[in-house]
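Trainee: pasting the sequence and the predicted coordinates here, then a few questions.
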Amino acid sequence: MEILVCVKRVPDTAENEIVVNGKGTDIERGDLVYSVNEWDNYAVEEAIQIRDRVGGTVTVVTVGDGDSEEILRREMAMGADKGILLSDDAFNGSDGRGIAAILKSEIEKGKYDLILTGAQADDGAAQVGGMLAAMLDMPYASLVNKIETESGNTIKIGREIEGGNQEMSEIDLPCVLSIQTGINEPRYVGIRGIRKVASVEIPVHGAGDLGIAAGSVGAAGAKVKRVDYFIPPAGEGAEILEGSSDEIAEKLIELLKSKGGIK
Amino acid sequence: MTQPIFAYIAHKNGVADDSALELIVAAKKIDPSASVTAIVCGNGAELDSVCTAMAAVYPEVWKVSNPALAYPNAEVIRGVLVNLLPAGAVMLVPHDTFGMDLSPGLSIKLNAAFVSDVVGIEGVDGSALKAVRQEFGGQVSTHIHCDMASGVVLNIRSGAFLADDSKASGAVADKSGQAGDCKAKRRFIEVVAAEVGDVDITKSDVLVSVGRGIEEQDNIAIAQELADTIGAVVSCSRPIVDAKWLEKARQVGTSGKTVKPKVYIALGISGSFQHLGGLKGNPFIVAINKNPKAPIFQVADIGVVLDLLEFVPELTEKIKEMK
Ligand SMILES: Cc1cc2nc3c(=O)[nH]c(=O)nc-3n(C[C@H](O)[C@H](O)[C@H](O)COP(=O)(O)OP(=O)(O)OC[C@H]3O[C@@H](n4cnc5c(N)ncnc54)[C@H](O)[C@@H]3O)c2cc1C
């Protein structure tokens, strides 16, 4: 099975406090720790497991700048066979549709049976996979938390729906699936693994290589534009307990007692 | 504004989802004088009862009946909507697991813009719709301008627009004939119910809930000890289940359990909307989180900005001493 996994380099929100810059044009990116989007790691792990079961290759692709190369290497250290970086100044400012259009152009240069994305990334939009599938006229399923590869041209999949229930379907190949966390346990990548793939060549494809017309993607082609970042004025908000940790604990115990939180 | 506005009505067992009452409120933020049309897809008597209920809220209801619509398959419904919607339509969809499945692809097929997980609408300026979203797990918000000249699909977050007392005596128009062939390359088989756990977190009045801030599996003992001391049960956020540190039945949130405790103590939980979506009944919320900007502090009653790994054992000791 030829599998393509779309991945994204994002600030690690578990590690970082996200702060809006003075003008509200962006978040402060200077001190941020970046990593692979959490959902994408599950997608890559799933692709590797399928390949190991039925054969084929796993390619990881990202739309990004030069810094995004490091996440392709990380996913290759996990076990992906190839990486492709889609990078061009003309891609800057793309909306979700723009990113999907760029990926589509790359996908049409190859022949893939299965295309995976993470269910969502740092902007929480959860949109690129579904858009890509519609552009490619392939069937799509979001929030996939189970994949059973069978022989033939269909696979059986589970989608995670409300309440943690699982919606089982059969889907024709080729298809696009967005992967939900928890579908597997992504393998650990050590320094040694990264070193092994450090010198593997990663092709970089720009708008020209992909036959993408200037203005169709990037800020010029975007129907959806982010005007600014802001922190909404805190509403009621929590009463923050102040003092030494000892004093805080005492206040908290009193509050919990009064609310029936200590039996 | 002259673009017609539509709302996709999610429903189950003949009852419309709460989102049905929220979408019409969101629609009025786009155009206060809009006549909003509800689209209800389904089959049989259940579909009819949803349509009747919606006609009391929406001035117009489009009913689409077909055996293939008995279970909502996003690919089938996308085809139906592409057939039904006029050019330039504004389509509102709940941002739930079905809306996430449907809307991105629908926007492509309609050649419309798409804005996901909308939490606010600030009106229309020419052909630009002004919306509010959140990024980075709710840590920051953004203003979005969206060119809706050729239509737009908006996924609306549950609870972001509070239902008002919209009333109508709408007409139900049967659009089944225009639904198309309802064929799909993805075919629904069955729904498998979530596994039942050893503990029922929905039964406990007091929950000590652990999130990713607990950092290591061994540290869950810290939360368990606090819970044992105060007579509470341990629940958790999703990453703890993904890591297999606790069983799925202990997860609070839209893809986990809905709980209604009296007291909820959140340890190292950032407060994503999917997590908070499982917390009902207006409990007394205590959040312990080392990031003062964590969104959980916007909904909590009491906040403690400290490292939980140091503070919680101290707290537990103090409670033990008192007892
Ligand atoms: C379709 C869908 C459904 C979902 N369903 C659910 C669901 O049902 N339930 C759910 O919970 N999530 C759900 N999620 C995931 C959700 O979006 C968040 O990713 C998740 O809730 C984050 O969990 P968290 O708050 O534990 O982790 P994080 O967001 O990583 O937050 C960890 C917090 O811990 C704090 N912290 C770190 N270390 C310490 C320390 N030593 N002391 C004190 N504080 C510390 C950090 O400041 C941070 O605020 C869903 C996502 C999707 C896409």
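Mentor: Looks like it arrived, so ask away.

Trainee: what about residue B:128, how many neighbours?
Mentor: 17 (other C-beta atoms under 10 Å in any protein chain shown). Where C-beta positions appear, they are placed from N, C-alpha and C, glycine not excepted.

Trainee: give the bridge partners for it, please.
Mentor: residue B:125, residue B:147 (DSSP bridges).

Trainee: likewise for residue B:267?
Mentor: Beta-bridge partners, per DSSP bridges, of residue B:267: residue B:210, residue B:288.

Trainee: list the residues that contact it.
Mentor: B:208, B:209, B:210, B:211, B:213, B:214, B:223, B:288, B:308, B:312 (C-beta atoms under 8 Å, 6 or more residues apart in numbering or on different chains).

Trainee: next: residue A:55.
Mentor: With the criterion set at C-beta under 8 Å, 6+ apart, residue A:55 makes contact with residue A:1.

Trainee: repeat that for 10 Å
Mentor: A:1, A:2 (C-beta atoms under 10 Å, 6 or more residues apart in numbering or on different chains).

Trainee: same thing with the one 3 residues further on?
Mentor: Contact criterion C-beta under 10 Å, 6+ apart gives A:1-5, A:44, A:46-52, A:75-76, A:78-83, A:114, A:116 as the residues in contact with residue A:58.

Trainee: just the pLDDT for it.
Mentor: Residue A:58 is assigned a predicted lDDT (pLDDT) of 98.

Trainee: could you point out the bridge partners of it in the sheet?
Mentor: Going by DSSP bridges, residue A:58 forms beta bridges with residue A:3.

Trainee: what residue lies at the spatial centre of chain B?
Mentor: residue B:158 (4.3 Å; C-alpha atoms, centre = their mean).

Trainee: how close does the nearest residue to that residue once chain neighbours are set aside sit to residue A:256?
Mentor: Closest residue in space to residue B:158, ignoring its immediate chain neighbours: residue B:19 at 5.8 Å, by C-beta to C-beta, 6 or more residues apart in numbering or on different chains. Using C-beta to C-beta, to the nearest Å, residue B:19 is found at 35 Å from residue A:256.

Trainee: more neighbours, these two?
Mentor: Using other C-beta under 10 Å, the more surrounded residue of residue B:19 and residue A:256 is residue B:19, with 25 against 21.

Trainee: which one of the contacts of residue B:267 is nearest residue B:171?
Mentor: Each of the contacts of residue B:267 was scored against residue B:171 by C-beta to C-beta, and residue B:209 proved nearest at 47.1 Å.

Trainee: look up the closest residue to that closest one, ignoring the ones flanking it.
Mentor: residue B:235 (4.5 Å).

Trainee: kindly report the same for residue B:173.
Mentor: residue B:62 is the one closest to residue B:173 (C-beta to C-beta, 6+ apart), at 5.4 Å.

Trainee: return the set of residues that bridge with that neighbour.
Mentor: Here residue B:62, judged by DSSP bridges, has bridge partners residue B:39, residue B:173.

Trainee: per-residue pLDDT of it, please?
Mentor: Value for residue B:62, per-residue pLDDT: 98.

Trainee: surely it and residue B:51 touch.
Mentor: Yes: at 8.9 Å, residue B:62 counts as touching residue B:51 under the criterion of C-beta atoms under 10 Å.

Trainee: hmm, back to that, so which of the contacts of residue B:267 are also by the ligand?
Mentor: B:211, B:213, B:308 (C-beta under 6 Å from any ligand atom).

Trainee: surely the first one touches residue B:238?
Mentor: Yes: judged on C-beta under 10 Å, residue B:211 makes contact with residue B:238 at a distance of 8.7 Å.
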